[in-house]
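Turn this into a model:
(chains A and B)
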Amino acid sequence: MLDFPRWKQIWLWALTLACCLAALPSIFAVAGAHWPAALPAPKVNLGLDLAGGSHILLEADPSQVTRLRLDSMEESVRARLKLAQPSIRVGDISSKDGSVSFMIEDPAQVDAARDQLQSLTTGAGLTGQRDWDLKVIDGTRIVMTPTNAGIDQAVTQAMDTATEVVRKRIDALGTREPTIIRQGDDRIVVQVPGLKDPQALKNLLGQTAKLEFKLVDLTASPADIAQGIAPPGSEIVPYADPARNGAAAIAVKRLGGIKGDSLTNAQQSNDQRNNEPIVSITFDQQGGAKFAKLTTENVNKPFAIILDGKVLSAPNINEPILGGSAQIQGSFTSDSANQLAIALRSGALPVDLKVVEERTVGPDLGADSIKKGMIAMMIGTIALMAFMLVTYGRFGVYTCSALILNTLMILGVMAVANTTLTLPGIAGFVLTIGAAVDANVLINERIREERARGRRVVQAVEVGYKEARSAIFDGNITNIIAAVLMFMFGSGPIKGFAVVLIIGIATSVFTAVTLTRMWVAGWLRRARPTDLSL
Amino acid sequence: MKLLKLVPDSTNIRFLRWRVPFYTISLLLMAASLTLVFTRGLNLGVDFVGGQMIRVTFVNSAAAPVAELRKEVAALGYGEPTIQQFGKPNEISIRMHLPEGAEKDATLSETMSRRVVGDIQAKHPGARLDGVDSVSGKVSGELFKTGMQALIYAMIAISIYIWIRFEWQFGVGALFSLIHDVTLTLGLFALTQMEFDLNIVAAILTLIGYSLNDTIVVYDRIRENLKKYRRMPMPELLDLSVNETLSRTIVTSLSVLITLFALLLFGPNVIFGFTAAITFGIFVGTYSSIYMAAPILIWLKVNATSFVPTETETDRQERLAREGVGTIRR
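Residues are numbered from 1 along each chain as shown, chains lettered A, B, ... in the order given. You can find the predicted model right below:
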């Protein structure tokens, strides 16, 4: 037990030294000193509750994705059958109850229709996965239902896109080091340190920015619109700003519009006539061509500019717009116009995202927490060291040395493992320092006991380390179990606490048991004491 | 140098003599805690019931205008806020329940947050916004569920571990003393109405770990003594084990308490409840490892033979070597 060959000593010291060195950049950072840039600098990250910043959890509604897929399948079916040679005529297409269904007018064409639609039912990937089930009912009705695999994949894709869009929007705000992570099936976690205005961020992320241009259905009577009754093939869409438009809602044609997702640019600018803030958009080539076609075919008819299900404005098409750019009016302030421009530039979210959890900490509170945490740690450590010294004398010196190295090693391991220090983590730190001496206390008490039973010094030390081992081991395992569960189930700051506990348990066993044993063994060999003051 | 000895070298306190009265008191306290939890209830934070907590510091004044704020926030029509001071008199937290209908429309609570914050900032220019926690009903439900899961799994996992390392009676004893610690801590929170949030769940998990640490040290010694003194009556053996480890128990608990008091007195105000829970847990846990975990072994009929089958040949040799003071390698 007390046998420490030279190579083992060197290894133990090297490991200790490496961990302590890794802690240096973090200590320099806290002390405000300058760490030489030429050296590697693994640093402990500060959690949002210490550095200040916002944690925002966004949630999407997966049923919305399913709904959108049904709509787009409806359009694909219509287009595909119209383009078939000879073209296949269908009755009204309905996309209710989670499937798309329609009648084929000529029963002889059912097989041809089925062949045409077959290619729409498989996914875009190479896996050949079937995304839709296609069934023929009563000989003439075709029903297409998305498969579970297809729905899952669509939701995953939508969330991937949404995450990407969120990232672009946050980058556009110019904040540094944001963290954006998918969580579970339908959530995105956004963490932005040191944000001045979390409200602006939430507004930006909450905006779906789905821009659509649809033709206004002029056949609908104002009375019907007020009651929410739309003519066949049309739908009622509310105005974003009813006061400005003099009506609460308007009827637009469901199909035949174009989407505003193929933009190359969007900028906030001012209307030349009345200096009102507007958003200028530029379509890409394909989108520009579609927009030109729509405006050419519908000169002198009004079309509605719809953002996230609300009509911004419904101007008249005075002449074909061929240049591929357009201007959007809609009671903007320059801030909201700018925000919309950012949102449009980064693309529309494929699903609406809602803020379901927000945690924001101001930078002052965080700095205050760090300062107080450090003070508490200093006072606690000094008091504890004094206690150990008066209780255990020489062995107390070993305990204190182990304690200091333990503190450095926790920091070092945290820095190398790139973990985050949170506010509860600081508490974990302080607590670990108090609990780390337990192993030494167990050993020292046992040595004391063995001496009282009349064993000689070396034997007492040897038995002390050996007999205390099982209690130390079991005690630390139970702490690890609690900490691991905390890590698995806890949220951000709690995870940080659990990490400190786990690292602290590991390093404290190393410093309190292995290192002190090496020191004690060295002392016994050198001094050959006949009595212990313990 | 004369060293400090908090506990004399060989104590012989007959702890177990009072096991019945102490057990009765503990069971009564547990019952009282549960009653408190169910009648008075825990003061659940926004983590678990949803809603909003806004932390504000009034930098220009010595104390926060609490009464004024209460009136102003209530006037916004989202109900009466819970205003608590934390740390200095000018640091407060304002808690709001989720607005009606927020389950369906998450934007409602957004609007509430904006209005409350905007109102405070408009009327009190010296107010510094230190933090906003806003949790929707769905998320808070999940947080509550996972928090409780973590607690229950931890207690079960730790008990199973003790059962494997010791004997089933020890596992039961450990589980019982854990339930005791957790119940009393919950009782403390119900009694003081301190805010019960996610941090407190973490604190309870921590104190479970540390309380068990104590129990294990005592159990470890009981096991050792059971092998050593095969004819000693159980209560006497338990007393011996507790007494032998008493010095360690006191020194370790004191060490942890020293650091905890440093945190309570000088640490960040935001985690006061968290530290308070652990501090309370250290007291309760130390007590429970002596009075809850040990006596139950008598009632569950642990005796020297409990460990006979587990003593392998190597164990036996080790024991003989130990009893006969074997040779020591140097």
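
residues near the nearest residue to B:Glu244 once chain neighbours are set aside, how many?
In this structure, B:Glu244 finds its nearest non-sequential neighbour in B:Arg221, 5.7 Å apart by CB to CB, 6 or more residues apart in numbering or on different chains. All C-beta spots, glycine's among them, are computed from the backbone N, C-alpha and C. For B:Arg221, the count of nearby residues is 23 (other CB atoms under 10 Å in any protein chain shown).

Test my guess that B:Arg221 contacts B:Asn243.
No. Here B:Arg221 does not reach B:Asn243: they are 9.5 Å apart, not a contact under CB atoms under 8 Å.

re the thing from before, the residue nearest to B:Glu244: what's it in contact with?
Neighbouring residues of B:Arg221 by CB atoms under 8 Å, 6 or more residues apart in numbering or on different chains: A:471, B:241, B:244-245.

what comes up buried for the helix or strand harbouring B:Phe283?
Assessed by DSSP states H and E, B:Phe283 sits inside helix B:272-291. Neighbour-count burial for helix B:272-291 flags B:272-282, B:284-291 (criterion: 16 or more other CB atoms under 10 Å in any protein chain shown).

pretty sure B:Thr185 is touching B:Gly281, no?
Yes. With contact defined as CB under 8 Å, B:Thr185 reaches B:Gly281; the gap is 5.6 Å.

Please enumerate the shared neighbours of these two.
By CB under 8 Å, 6+ apart, the residues touching both B:Thr185 and B:Gly281 are B:204, B:207.

how close does the residue positioned nearest the centre of chain B get to A:Thr422?
Among the residues of chain B, the one closest to the centroid is B:Ile204, at 3.4 Å (CA atoms, centre = their mean). From B:Ile204 across to A:Thr422, the span is 18 Å (CB to CB, to the nearest Å).

Is A:Ala292 in contact with A:Ser325, as I believe?
No. The criterion here is CB under 8 Å, and A:Ala292 misses it with A:Ser325 at 10.8 Å.

can you tell me which of the buried residues of helix B:272-291 are up against chain A?
Counting by CB under 8 Å from any CB of the partner chain, B:274-275, B:278 from these sit close to chain A.

so can I have CSV of those showing distance to B:Phe189 and pLDDT?
Below are these laid out as CSV (distance: CB to CB, whole Å; pLDDT from 0 to 100):
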residue, distance to B:Phe189, pLDDT
B:Phe274, 12, 87
B:Thr275, 14, 90
B:Ile278, 13, 90
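
Specify which member of these is nearest to B:Leu263.
Taking CB to CB as the measure, B:Leu263 sits nearest to B:Thr275 out of these, at 4.6 Å.

I'd guess A:Ala41 is in a strand, am I close?
No. Counting by DSSP: H, G, I helix; E, B strand; the rest coil, A:Ala41 is not part of a strand but coil.

and it, how many neighbours does it have?
15.

Skipping adjacent residues, who's closest to it in space?
In space, A:Ala41 is closest to A:Pro25, 4.1 Å off (CB to CB, 6+ apart).

per-residue confidence at the one you found?
The model reports A:Pro25 with a pLDDT of 86.

likewise the one 4 residues further on?
Per-residue pLDDT puts A:Ala29 at 79.

Quick check, B:Gly209 in contact with A:Asn479.
Yes. Counting by CB under 8 Å, A:Asn479 is a contact partner of B:Gly209 at 3.9 Å.

between those two, what contacts are shared?
Looking at what touches both B:Gly209 and A:Asn479 (by CB under 8 Å, 6+ apart), the common residues are A:Leu501.

out of everything not next to it in sequence, what's closest to A:Thr121?
A:Trp132 (4.1 Å).

How about A:Val190?
Per CB to CB, 6+ apart, closest to A:Val190 is A:Ile56, 4.6 Å.

ok, the one helix or strand the one you found maps to: who's next to it in the sheet?
Assigned by DSSP H and E, A:Ile56 falls within strand A:53-60. Using DSSP bridges, the strands paired with strand A:53-60 are strand A:187-193 (antiparallel), strand A:353-361 (antiparallel).

got a list of contacts for the longest one?
Counting by CB under 8 Å, 6+ apart, the neighbours of strand A:353-361 from elsewhere in the structure are A:48-50, A:52-61, A:162, A:166, A:187-188, A:195, A:198, A:202, A:205-206, A:208, A:492, B:106-107, B:110, B:113, B:130-136, B:138-139.

Can you turn the buried part of these into a ChimeraX selection?
Buried residues within those, by 16+ other CB under 10 Å, are selected in ChimeraX with:
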select /A:48,49,50,52,53,54,55,56,57,58,59,60,162,166,187,188,195,198,202,205,206,208,492 /B:106,110,113,130,131,132,133,134,135,136,138,139
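
Spell out which residues sit in contact with residue 244, please.
The chain I'm using is chain A. Contacts of A:Arg244 by CB under 8 Å, 6+ apart are A:Ser331.

looking at chain B here, not the other one
Contact analysis of B:Glu244 by CB under 8 Å, 6+ apart lists A:449, B:221, B:225.

Now with 10 Å, please.
B:Glu244 makes contact with A:445-446, A:449, B:10-11, B:218, B:221-222, B:224-225 under the criterion CB atoms under 10 Å, 6 or more residues apart in numbering or on different chains.

Are any of those residues buried, and if so which?
By 16+ other CB under 10 Å, the contacts of B:Glu244 give A:445-446, A:449, B:218, B:221-222, B:224-225 as buried.

pLDDT below threshold where in the stretch 101-250 of chain A?
Applying pLDDT under 70 to the stretch 101-250 of chain A picks out residues A:123-128, A:176, A:196.

just how off-centre is the longest helix that chain A contains within its chain?
Criterion DSSP state H: the longest helix present in chain A is helix A:457-489. Helix A:457-489 has its C-alpha centroid displaced from the chain centroid by 37 Å (CA atoms, centre = their mean, to the nearest Å).

mind checking pLDDT for residue 89?
All of this refers to chain A. 81.

sorry, should have said chain B
pLDDT recorded at B:Pro89 is 83.

Contacts only, for it.
B:58, B:61-64, B:66.

re the thing from before, for the residue nearest to B:Glu244, give its distance to A:Ser470.
10 Å.

And for B:Val172?
Taken as CB to CB, the span from B:Val172 to A:Ser470 is 20 Å.

and what of A:Met486?
25 Å.

The two: who's more crowded?
A count of neighbours by other CB under 10 Å puts A:Met486 above the other of A:Met486 and A:Ser470, at 29 against 15.

How about that one: what's its closest non-neighbour residue?
A:Met486 sits nearest to A:Ala498 (CB to CB, 6+ apart), 4.0 Å away.

got it, and B:Thr146?
Distances taken as CB to CB, 6+ apart place A:Phe489 nearest to B:Thr146, at 4.4 Å, with adjacent residues excluded.
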